[in-house]
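Asker: what follows is a protein structure lacking sequence information:
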């Protein structure tokens with residue numbers, strides 16, 4: 001079910017406020033359109049993972065611990081590289097001007113006020 005225009009506007013406002021208040025958290029959540037999956041990263045990562053699996057199998061068949069461990073490391077690096085997101089545009093955006101600590105503290109104080117109101121409502 002699609003969102004109404006009011007809900008879409010409200011969602012955009014909340015997302016904008018999140019980016020202003022805590023850009024590091026917002027970027028880690030992946031809501032930044034500048035961060036996307038790179039096909040090149042996925043292909044290279046999958047190929048490296050397959051090469052690591054082959055090295056691991058060769059190490060086991062030759063009973064060589066060094067080759068097996070090397071294969072495991074290559075396999076892990078391939079998985080990491082495949083799941084890594086490209087963030088060239090996201091890094092340029094996030095290094096822009098940060099909001100002063102005052103904005104963040106008012107955001108936190110608003111959350112604390114709402115929490116206190118909720119607690120008062122439960123006690124009555």
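Answerer: Nice, thanks for sending it over. None of these values were measured; they are calculated from a predicted model.
Asker: so where's the chain shaky on pLDDT?
Answerer: Where the chain drops to pLDDT under 70, the residues are 1, 29-36, 86-105, 124.
Asker: which parts of stretch 46-62 are buried?
Answerer: Of the residues in stretch 46-62, those scored as buried under the neighbour-count criterion (16 or more other Cβ atoms under 10 Å) are 48-49, 52, 55-56, 59. Where you see a C-beta, it was placed from the backbone N, CA and C, and this is true even at glycine.
Asker: what lies in contact with that stretch?
Answerer: Counting by Cβ atoms under 8 Å, 6 or more residues apart in numbering, the neighbours of stretch 46-62 from elsewhere in the structure are 64-79, 81-82.
Asker: could you measure the residue nearest to the spatial centre of the chain against residue 19, distance?
Answerer: Centroid-nearest residue in the chain, with Cα atoms, centre = their mean: residue 28, separated by 3.5 Å. Counting by Cβ to Cβ, to the nearest Å, the separation of residue 28 from residue 19 is 12 Å.
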